[in-house]
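>>> the sequence isn't on hand, but the structure is:
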Ligand code: BMA
């Protein structure tokens, strides 16, 4: 099958820094997206100065997914001690009609070592946010955390559990320190965690590890998985040895998401445009948001750690492509 690529929106970048607003005057990128109550809601990472490089989170919304109206005030700014050095890369998801965002927190300067963790918050109106605390295990240097929009009964993993309700919350995460023989993987990979509570994931399964050259250094989940007729669709990123970030896609079994049904061998999006090649961190496409409208998948991504962009693809075409690539593998 011919290689397929996401198609960039001609209005890219769809959201940029607002020079007139101090907390987002330098960069606006890596946005989480949620289609909810007939609006497309966006939370994005914003930078207002380069000295300390502390991120805040801004809010914007849209009716067509392309033109966004933004709020003047930051939606969230560091408040808790554990958020002291910034809150980054919000990913939005709806579970049982409740809106959640997972976001990266920095409790220390990045230069001090691997101190990234991920926290969870909830909102009903995108105006006020209730913090639910840190959800990744201590010292795991854990980013790219996304929640599945549904609880799932993971029979295959829970075979030893007898009785009781085994519907679990699932999340994907990328604990950078989980490498070495003990973990069965030599580079940061995507793990699937499950738990009875959203703030406590006690069981973990290695899901995807770097395989291709464009994923050589590490991979991490993009937006939360999307439920499709063929499986859970996961858009993810890979970083190569030249520090270039690209995007790929994988399909997970609906009933048992630890089972990978297919995975693109070649990236479906890579830095080509000037706004992806040049920015605060060059050569980066970093998908963090997704929604489906009339059979089209809208993938939102940060470009060069500077701006928010959109690329689309017919959902059916992407699913066929992922499954087809898998057959070539066999
Ligand atoms: C990742 C995260 C993202 C960033 C990307 C590229 O580790 O920090 O926020 O967009 O690197 O710099």
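Noted; the coordinates are in hand. Computed from a predicted model, the values in this text were never measured in an experiment.

>>> the residue lying closest to residue 263 once chain neighbours are set aside pairs with what?
Distances taken as C-beta to C-beta, 6 or more residues apart in numbering put residue 250 closest to residue 263, at 4.2 Å, once the chain neighbours are dropped. C-beta coordinates here come from the backbone N, C-alpha and C atoms, glycine included. Beta bridges link residue 250 to residue 234, residue 263, judged by DSSP bridges.

>>> against the ligand, how distant is residue 250?
From residue 250 across to the ligand, the span is 19 Å (C-beta to the nearest ligand atom, to the nearest Å).

>>> run a quick neighbour tally on that residue.
For residue 250, the neighbour count with other C-beta atoms under 10 Å is 23.

>>> do I have it right that it meets residue 264?
Yes - here residue 250 reaches residue 264: they are 7.3 Å apart, a contact under C-beta atoms under 8 Å.

>>> what do those two both touch?
Each of residue 322 lies in contact with both residue 250 and residue 264 under the rule C-beta atoms under 8 Å, 6 or more residues apart in numbering.

>>> now stretch 229-237: how far from the chain's centre is it?
Stretch 229-237 sits 12 Å away from the centroid of its parent chain (C-alpha atoms, centre = their mean, to the nearest Å).

>>> got the buried residues for it?
230, 231, 232, 233, 234, 235, 236, 237 (16 or more other C-beta atoms under 10 Å).

>>> just the endpoints, please. Distance across stretch 10-23?
For stretch 10-23, the first-to-last residue distance is 27 Å (C-alpha to C-alpha, to the nearest Å).

>>> what residues does it touch?
With C-beta under 8 Å, 6+ apart, stretch 10-23 has contacts from 24-28, 31, 42, 44, 46-48, 56, 58, 60, 66-68, 70, 72, 74, 77, 273, 275, 303, 306-311.

>>> rerun that using 7 Å as the cut-off
24-28, 44, 46, 48, 56, 60, 66, 68, 72, 74, 275, 303, 307-310 (C-beta atoms under 7 Å, 6 or more residues apart in numbering).

>>> what's the answer for stretch 261-271, then?
So stretch 261-271 is in contact with 3-6, 212, 214, 231, 244, 246-253, 277, 283-285, 301, 311, 322-323, 325-326, going by C-beta under 7 Å, 6+ apart.

>>> what are the phi and psi values at the closest residue to the ligand within the stretch 101-250 of the chain?
In the stretch 101-250 of the chain, no residue comes nearer to the ligand than residue 245, which is 5.5 Å away by C-beta to the nearest ligand atom. Torsion angles at residue 245 (phi, psi; degrees, to the nearest 10) stand at phi -100, psi 130.

>>> what's the burial count for it?
Residue 245: 29 surrounding residues under other C-beta under 10 Å.

>>> so what's it closest to, chain neighbours aside?
Using C-beta to C-beta, 6+ apart and skipping residues adjacent in sequence, the residue nearest residue 245 is residue 284, 4.3 Å away.

>>> how about the contacts made by that neighbour?
So residue 284 contacts 245, 271, 276, 302, 303, 304, 305 (C-beta under 7 Å, 6+ apart).
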